[in-house]
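In: sequence first, predicted coordinates after that:
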Amino acid sequence: MTFAAAVGLGLAAPIATVGRIGADVVVAGIDPQLLLGLTIGLLVGALGLWRMWRSSELQIARQVAERVAATKRQRERLEAVLEAMDDAVLALDALGCVTLLNKSAERLLDSAGGGAIGKPLAEVVKTAELSALVEQLQDVHSASEEFEVPGPPRRHYLGRATRQRATGGSVLVVQDVTRLRRLEKMRKDFVANVSHELRTPVTVIRANAETLLDGAMEDPVVADRFLVALLRNADRLSNLVSDLLDLSRIESGRLELQPQALGVHAIAAHAVESIVVAAEDKGQQVTIDITDDVDVWADASAIEQVLVNLLANASKYTPDGGSIVVTAQRRGRLCRIEVTDNGPGIDEKHHRRVFERFYRVDKGRSRGVGGTGLGLAIVKHLVTAMGGTVGLQTADPRADERRGCRFWFTIPIADAKRSAA
């Protein structure tokens, strides 16, 4: 069809027919290979766009998964740290409700974690001090306060609260400082007791020396009496310093024990030799009721010092003509060694405290017989270092007088230690 014919036809044909004829003319004028190339190009472009979209989607999904995994790891680490902490940790929201707490906080609140979550702090704590501590955050960024919780046993806590500016909530950390306060009290008591114990002999020594210098030296009788007092208090001072050094060395771990198999009878015989003169002067009878086949795993010097201290105490506080008995019995993997006397005994209310440093049942009487107040504390620390325990019983609870004391301690049997090794 020529162009003129087409025009003529177009003038005579409807508009729709003209459009269809025009499209046929355009398509007829396109090269089939070009059309195929265009089609393939469009398909390749579409495939590339799809692959780019798919790759971007996978990358975003991978990044999201990595972030979720990292967040999970961080949360697990945080939970592990919180659960391992001895301090109680509580997180509160802006309304003061508990949103998180660790096991230590559950023990402090005496409740299960699920029961405390979502509740106001005032409903789950037993002490008003913690709620008051959080209320202080309305005016300050952080606050701290120490408070006591009545027992038994009585506990001391240090609470610290910090406001979270981003969320409006707060974090509460509560530390149990009971042991620290107890140690501080022990240190203060120890310093006070040492000062008091040192002051007495030093004062006596100084007073006697001044008296001798003022002219008492000219009177032999008076001079001898003051010199004896000087020597007695110098010995007391020396014993006190020696016991303090021994106790310090034991408590600091500088005492190196060398345990070995030892016969209890031989150790007890050596210990008795150290007090035999004092016992004979008071007419006391010291007996060893131990068979030769009882062996323990202990340090020779340490166990002998333990027995010497117990025997010396028994001899000091047992009246003239009294008796002291040393026995030993096997009890499973342990050997229980006892030092029993028939003295006045010790009231049961003192039994739990006699092994404390400077604790005296009768202060005046203890100083009168030359005690330092550290002997039983040294006994306890030495026995504990050798893997044993100590204790005190009334020897004869039925007696009205001379009820006596039975100090005992346990030491591992030598055979048990060898088999364990």
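Out: Alright, I've got the coordinates.
In: low-confidence ranges in the stretch 251-400 of the chain?
Out: Applying pLDDT under 70 to the stretch 251-400 of the chain flags residues 362-372, 400.
In: how many other residues sit next to the closest residue to Gln285 other than its chain neighbours?
Out: Nearest non-adjacent residue to Gln285, counting by CB to CB, 6 or more residues apart in numbering: Ser323, 4.7 Å away. The C-beta positions use only the backbone N, C-alpha and C, and glycine is treated the same way. Neighbour count for Ser323, taken as other CB atoms under 10 Å: 17.
In: same thing with Ile205?
Out: 18.
In: now swap in Arg179 and tell me
Out: Residues near Arg179, counting by other CB under 10 Å: 10.
In: which SS class is it?
Out: helix (DSSP: H, G, I helix; E, B strand; the rest coil).
In: now do the domain split for the chain, please.
Out: As given by automatic domain parsing, the domain ranges for the chain are 1-27, 31-75, 85-176, 181-251, 260-420.
In: mind checking how far the last one is from the chain centre?
Out: Just to be clear, that refers to domain 260-420. Taking CA atoms, centre = their mean, to the nearest Å, one finds the center of domain 260-420 at 30 Å from the center of the full chain.
In: same question, the third one
Out: When distances are taken as CA atoms, centre = their mean, domain 85-176 is centred 21 Å away from the chain's centroid.
In: please apply the same query to the fourth one.
Out: Distance of domain 181-251 from the chain centroid (CA atoms, centre = their mean) equals 36 Å.
In: who are the neighbours in contact with the residue lying closest to Glu146 once chain neighbours are set aside?
Out: Nearest residue to Glu146, sequence neighbours excluded (CB to CB, 6+ apart): Leu158, at 4.8 Å. Each residue near Leu158 by CB atoms under 8 Å, 6 or more residues apart in numbering is listed here: Ser144, Glu145, Glu146, Val174, Gln175, Val177.
In: which residues does the second one bridge with?
Out: Same thing as Glu145. Residues in a beta bridge with Glu145, per DSSP bridges, are Gly159.
In: looks like it contacts His156 (just checking).
Out: No - if you go by CB atoms under 8 Å, Glu145 and His156 don't touch, sitting 11.7 Å apart.
In: can you pull out the strands in the stretch 301-421 of the chain?
Out: 323-331, 334-341, 390-394, 405-412 (DSSP state E, counting those that start in this stretch).
In: restrict the first one to CA atoms and write it as PDB.
Out: Extracted C-alpha coordinates of strand 323-331, given in PDB (Å, rounded to 0.1, in the frame of the first residue of the first chain):
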ATOM      1  CA  SER A 323      43.400 -33.700 138.200                       C
ATOM      2  CA  ILE A 324      44.000 -33.300 134.400                       C
ATOM      3  CA  VAL A 325      43.500 -36.000 131.900                       C
ATOM      4  CA  VAL A 326      44.400 -36.200 128.200                       C
ATOM      5  CA  THR A 327      42.600 -38.700 126.000                       C
ATOM      6  CA  ALA A 328      42.200 -39.400 122.300                       C
ATOM      7  CA  GLN A 329      39.600 -41.400 120.400                       C
ATOM      8  CA  ARG A 330      39.100 -42.400 116.800                       C
ATOM      9  CA  ARG A 331      35.900 -41.000 115.300                       C
END
